[in-house]
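K.L.:
I'll drop the sequence and a predicted model, then ask my questions.
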Amino acid sequence: MSDVVIAALYKFVALPDFEERQKPLLDIAHKAQVFGTLLLAKEGINGTICGSRKGIDMVLAHIKTFPHCAALEWKESYADENPFYRMKVRLKKEIVTMGVPNMEPQQSFERYVAPDEWNALISDPETVLIDTRNDYEVSIGTFDGAVNPHIKTFREFPDWFRAYRKEHKMAKVAMFCTGGIRCEKSTAFLREEGIDDVFHLQGGILKYLETIPKGDSMWLGECFVFDHRVSVDHDLAPGSYDMCHACRLPITEDDKKSELYAKGVSCPACHDQHDEKRRLALIERQKQVELAAKRGQVHIGAAQQYKAS
């Protein structure tokens, strides 16, 4: 097993004193030599961290002392090298930004559907199945029959849903996302909008892929992940996608053969989106990343290519 443990976690829980929790959490992470980003808000905690087994366990033990976090759940993966450059604990208005005030997503647990019950739910012709992820995530894989909102950020989801609802019958709704955090919040939002018969996939796509045999799966394609793997297949092994480190979108091997692709600088999706100043800055960053790699070092430009989901 690889030496570096990567833990992705979130918990919707009331944290009125979240600002006071920032420094103690950061101090514990530094002591444990753990890297990554954690977000704190009144509505809970979210983030991805990496480090040794002992270090990760130390930070998780501290988070479990937060109110109602004793049963904290997280997802782990492993790497040969640390994908993060430093440790940050940021204070936010929301741990995942939707922009709708006064919701209580911590109440959405009662709308969980376990992975082994998911196929039956989404096979029901009365169920409207909605992918709550961003368009570039949906583009490389989704559930058979899922509605793609074609949103660039989760903040766009409320306006999309209100418009979609005007044109479609919404007797029963099932939603999903990568690890569960966005669909917990979107479930709370739909209930605020008066949709009571709404459910979401417990543990998200990753838990489904881990639980459901490939032969029984209704998942099509690969799943985008916010770490060094970029995507995973149904066996949760690293997928076939790389990332354009200029625009952060997933790219294929064919994309990298395009004349519009320059490593760390542009890809077919973003080649015309950078002005000259930005393009020169990207060229210089890539140069420094490659020089650092030759010296056996990790340049901050490479280490910050991935962010918490």
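P.N.:
Looks like it came in fine. Numbers count the residues shown, from 1 in each chain.
K.L.:
How is this protein partitioned into domains?
P.N.:
4-91, 105-223, 247-303 (automatic domain parsing).
K.L.:
May I see the ones you listed arranged in TSV, with mean neighbour count and mean pLDDT as well?
P.N.:
Placement of C-beta: from N, CA and C, glycine included. Below are the domains of the chain laid out as TSV (neighbours: other C-beta atoms under 10 Å; pLDDT from 0 to 100):
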stretch	mean neighbour count	mean pLDDT
domain 4-91	18	94
domain 105-223	18	93
domain 247-303	15	87
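K.L.:
In CSV: those, plus distance to Ser231.
P.N.:
Putting those into CSV (distance: least, C-beta to C-beta, whole Å) gives the following:
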stretch, distance to Ser231
domain 4-91, 13
domain 105-223, 4
domain 247-303, 6
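K.L.:
so which of these gets nearest His234?
P.N.:
Proximity to His234 (C-beta to C-beta) singles out domain 105-223 among the domains of the chain, at 4.8 Å.
K.L.:
how far does the closest one stretch from start to finish?
P.N.:
24 Å (C-alpha to C-alpha, to the nearest Å).
K.L.:
got it, and stretch 33-48?
P.N.:
Stretch 33-48 end-to-end distance (C-alpha to C-alpha) = 14 Å.
K.L.:
So what does Glu276 have for phi and psi?
P.N.:
phi -60, psi -40 (degrees, to the nearest 10).
K.L.:
how close does it sit to Leu282?
P.N.:
According to C-beta to C-beta, to the nearest Å, Glu276 and Leu282 sit 11 Å apart.
K.L.:
How about Lys64?
P.N.:
From Lys64 over to Leu282 (counting by C-beta to C-beta), the distance is 41 Å.
K.L.:
And Phe226, by the same measure?
P.N.:
Taken as C-beta to C-beta, the span from Phe226 to Leu282 is 21 Å.
K.L.:
same question, Met170
P.N.:
In terms of C-beta to C-beta, Met170 sits 43 Å off from Leu282.
K.L.:
what kind of secondary structure is Tyr208 in?
P.N.:
helix (DSSP: H, G, I helix; E, B strand; the rest coil).
K.L.:
Enumerate every residue touching it.
P.N.:
Pro115, Trp118, Phe176, Leu201, Ser217, Trp219 (C-beta atoms under 8 Å, 6 or more residues apart in numbering).
K.L.:
thought the last one was touching Ile205?
P.N.:
Translated: Trp219. Yes. Counting by C-beta atoms under 8 Å, Trp219 does reach Ile205; the two are 7.0 Å apart.
K.L.:
quick one on the thing from earlier: relative to Asp235, which of the domains of the chain is closest?
P.N.:
Short answer: domain 105-223, nearest of the domains of the chain by C-beta to C-beta, at 7.2 Å.
K.L.:
Make TSV from the contacts of Tyr208 and add distance to Glu104 and secondary structure to it.
P.N.:
Below are the contacts of Tyr208 laid out as TSV (distance: C-beta to C-beta, whole Å; DSSP: H, G, I helix; E, B strand; the rest coil):
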residue	distance to Glu104	secondary structure
Pro115	25	helix
Trp118	24	helix
Phe176	20	strand
Leu201	20	strand
Ser217	33	coil
Trp219	30	strand
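K.L.:
tell me the SS of Lys75?
P.N.:
Once three-state DSSP is applied, Lys75 turns out strand.
K.L.:
And the one 10 residues further on, by the same measure?
P.N.:
Here Tyr85 takes the coil state, with states given by three-state DSSP.
K.L.:
Surely it is in contact with Phe35?
P.N.:
Yes. Tyr85 is within contact range of Phe35, at 6.8 Å (criterion: C-beta under 8 Å).
K.L.:
Export the contacts of Tyr208 as TSV, with columns for distance to Lys54.
P.N.:
Shown next, in TSV, are those (distance: C-beta to C-beta, whole Å):
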residue	distance to Lys54
Pro115	31
Trp118	35
Phe176	34
Leu201	32
Ser217	36
Trp219	35
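K.L.:
Can you tell me which of those comes closest to Asp57?
P.N.:
Pro115 (26.1 Å).
K.L.:
Show the contacting residues for that closest one.
P.N.:
Pro115 touches Leu201, Gln202, Gly203, Lys207, Tyr208, Glu210, Thr211, Ile212, counting by C-beta under 8 Å, 6+ apart.
K.L.:
Next: Val5.
P.N.:
The contact partners of Val5, taken as C-beta under 8 Å, 6+ apart, are Cys50, Gly51, Ser52, Arg53, Ile56, Glu76, Tyr78.
K.L.:
Quick check: the gap between His68 and Gly44.
P.N.:
On the measure of C-beta to C-beta, His68 and Gly44 end up 9 Å apart.
K.L.:
Roughly how far does the residue nearest to Gly203 when sequence neighbours are not counted sit from Ala8?
P.N.:
Once flanking residues are discounted, Gly203 sits nearest to Gly180: 5.6 Å by C-beta to C-beta, 6 or more residues apart in numbering. As for Gly180, its distance to Ala8 is 10 Å (criterion: C-beta to C-beta).
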